[in-house]
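S.K.: the following block contains a protein sequence and its predicted model.
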Amino acid sequence: MHADLDYFYAQCEENVNPTIRGKPVVVCVYSERTEDSGVVSTCNYIARRSGVKAGIPIVRARKLLAGTEAIFLRINKELYEQVSDRIMTILRKYADAFERVGIDEAYLDVSRRANGDFNQAVRIAPQIKREIVRCEHITCSIGVGPNKLLAKIASDENKPDGLTIVKPEDVNTYLAKLPVSRIPGVGKKVEERLSRLRVSTAGELSRLDSTVLIRTFGKSLGNYLYQAARGEDDEPVQEGEKPNQFSRIGTLKSNTREIAQIIPLLDNLANSVAIRLVEHNMACKSICIIAITDSLKIHSRSRTLESPTFDENNIKQSSRELLERFLQSMPDVVIRRIGVKLTGLSSRGGQIDLSRFLR
Ligand code: TTP
Ligand code: CA
C-alpha cells in the first residue's frame, strides 16, 4: 500500500482553525523581502479549483483568488511534523514492514498479515483511513497494488480521500490507458520527449524497445521507464537508513525565561523524540537541549549518560535539568524557541522493549 495524506499542510491548518473550512486555504512560504513575496507551499482543493498550486508565487495566488474569502497562512512546519509523527505511528501498526517517505507519505507491506490474499489486503485500507480520520481528522488517499510502484500510482488516482486498488490481474488493463505523466519520476521534460516518440500512455511506452529508451533517456532512467511501463518493481518496503539523531524544536507562546512556562513545551518535545527512539528500537547516549533566544542566538547544553537509555522519563528529566542549569548560567537570556536532541544512537537489538511492554 501507499498512503498519501491529502493537501496535508492545509488540512492541518483547517483542523487548527475549523472556521476556515469551506474557503480557499493557501499555505505560504514568505521570503520576508516584501509583504507578499514568496511561494505557495500547498493549498486545499477549493483553492486548487482556481488554479492555485504548490510552487506558484503568492502574488499570483492572490490574483487567482481575488474576490473570494481566501485565507493565506504562514507555513508552520512544527505543527505538521507533530501531526505527521502521530499519523505515522498509526500507519506503522497496520504494516508488516513500513517505510516512511517524507512528511506525508508511507509504504506499507501488508502481505503477511493478509495471508498473501489480495482481497484481505484490500479490507485493511478502509480501516486505516477510518482510524486516521477518527484520531487526527485527516483524510488520506491509499493505493493498493502488487508492488510499491503500482501502489504509489494508484494512491494518486482518486484524490482526495481516495482508495484505489490495482489487482495483479488488472495491471495490464490499468496501465494501457495510464498517461505517462502519472508514472513517478516522469515530469514535463520526459513527457515532452515521449510525446515526440508518439507515446502518451504507459501502454504505448511498453511497446518501445529498451534500446530506444536507453538511447533517449540514458541507462538508469531508460531502464526504469522500461520496467515502469510494465508495472514491474521489486523494491522491498523497508525502513530508511538508521537515523543518527532525533531532534525536535518548538516555539514558545511568548518569549520568556520563566522555567514553568517552558517546561510544558520541553516535556512535549522530549516525549516526542523519546517515542521516535522507541519506534526505531534504539537507545541514546546523549541528550541535548537547544535554546534560541529572543535575539535569535542559538545555545545548546548536553549531557552524556553513563549507559544508553530509551526511557521517556529519563529523557524528560535530563532535559529539564539541562534547561534549569542553562537558565542559571545565563541570567540575562530570554528564550524564544526550545529544542531537544538525542544523539549517540545505538540499536537495541533483540532487547525486550520493557517500557512498551508495560504500557
Ligand atoms: P504533496 O503530497 O505533493 O501535496 P499535498 O499533500 O499538499 O496535496 P495532495 O497530496 O492532496 O495532492 O506534498 C506534501 C506536503 O509537502 C504539502 O502539504 C506541502 C509540502 N510541499 C511543499 O512545501 N512544496 C511543494 O512544492 C510540494 C509539492 C509540497
Ligand atoms: Ca499529500
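M.R.: Now that the structure is in, tell me what you want to look at. Ligands and ions are numbered 1, 2, ... in the order given.
S.K.: now the residue in the stretch 151-300 of the chain that ligand 2 sits nearest to: closest residue in space that isn't a chain neighbour?
M.R.: Per Cβ to the ion, K159 is where the stretch 151-300 of the chain lies closest to ligand 2, at 7.9 Å. (Each C-beta comes from the backbone N, C-alpha and C, glycine too.) Nearest residue to K159, sequence neighbours excluded (Cβ to Cβ, 6 or more residues apart in numbering): S141, at 4.7 Å.
S.K.: which residues touch that neighbour?
M.R.: 3-4, 6, 155-164 (Cβ atoms under 8 Å, 6 or more residues apart in numbering).
S.K.: and it, helix, strand or coil?
M.R.: Judged by DSSP: H, G, I helix; E, B strand; the rest coil, the three-state class of S141 is strand.
S.K.: so what's it scoring on pLDDT?
M.R.: pLDDT recorded at S141 is 98.
S.K.: who's it bridged to?
M.R.: On the basis of DSSP bridges, S141 is bridged to D4.
S.K.: residues of the stretch 1-150 of the chain that sit close to ligand 2?
M.R.: Neighbours of ligand 2 within the stretch 1-150 of the chain, by Cβ under 5 Å from the ion: 4-5, 8, 104.
S.K.: hmm, which two among those residues are most spread apart?
M.R.: D4 and F8 (8.5 Å; Cβ to Cβ).
S.K.: okay, strands next: where are they in this structure?
M.R.: For the chain, the strands defined by DSSP state E cover 2-5, 25-30, 38-43, 71-74, 97-101, 105-109, 140-144, 163-165, 246-256, 282-293, 298-309, 335-343, 346-347.
S.K.: want to throw the ones you listed into JSON lines with distance to L225?
M.R.: Output for the strands of the chain, formatted as JSON lines (distance: least, Cβ to Cβ, whole Å):
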{"stretch": "strand 2-5", "distance to L225": "19"}
{"stretch": "strand 25-30", "distance to L225": "32"}
{"stretch": "strand 38-43", "distance to L225": "28"}
{"stretch": "strand 71-74", "distance to L225": "38"}
{"stretch": "strand 97-101", "distance to L225": "21"}
{"stretch": "strand 105-109", "distance to L225": "21"}
{"stretch": "strand 140-144", "distance to L225": "20"}
{"stretch": "strand 163-165", "distance to L225": "22"}
{"stretch": "strand 246-256", "distance to L225": "37"}
{"stretch": "strand 282-293", "distance to L225": "38"}
{"stretch": "strand 298-309", "distance to L225": "45"}
{"stretch": "strand 335-343", "distance to L225": "41"}
{"stretch": "strand 346-347", "distance to L225": "37"}
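S.K.: residue of the stretch 201-350 of the chain closest to ligand 1, please.
M.R.: As assessed by Cβ to the nearest ligand atom, ligand 1 sits closest to G240 within the stretch 201-350 of the chain, at 17.3 Å.
S.K.: show me what contacts that residue?
M.R.: Going by Cβ under 8 Å, 6+ apart, G240 touches 99-100.
S.K.: before we move on, the earlier item: of the strands of the chain, which is nearest S329?
M.R.: With distances scored as Cβ to Cβ, the stretch of the strands of the chain nearest to S329 is strand 298-309 (8.4 Å).
S.K.: residue closest to the middle of this protein?
M.R.: Among the residues of the chain, the one closest to the centroid is I103, at 1.2 Å (Cα atoms, centre = their mean).
S.K.: separation between that residue and D267?
M.R.: Distance of I103 to D267, computed by Cβ to Cβ, to the nearest Å: 23 Å.
S.K.: swap in R21?
M.R.: Per Cβ to Cβ, R21 is found 31 Å from D267.
S.K.: who has more neighbours, these two?
M.R.: Higher neighbour count among R21 and D267: D267, with 17 against 14, using other Cβ atoms under 10 Å.
S.K.: how about the nearest residue to that one, chain neighbours excluded?
M.R.: That would be K316: by Cβ to Cβ, 6+ apart, it lies 5.5 Å from D267.
S.K.: run through who's touching stretch 196-216.
M.R.: Under the contact criterion Cβ under 8 Å, 6+ apart, stretch 196-216 has outside partners 175-180, 182-183, 193-194, 222-223, 225-226, 228-231.
S.K.: burial of the residue of the stretch 101-250 of the chain at minimum distance from ligand 1, as a residue count?
M.R.: Residue of the stretch 101-250 of the chain nearest ligand 1, by Cβ to the nearest ligand atom: D104 (4.4 Å). Using other Cβ under 10 Å, D104 has 23 other residues around it.
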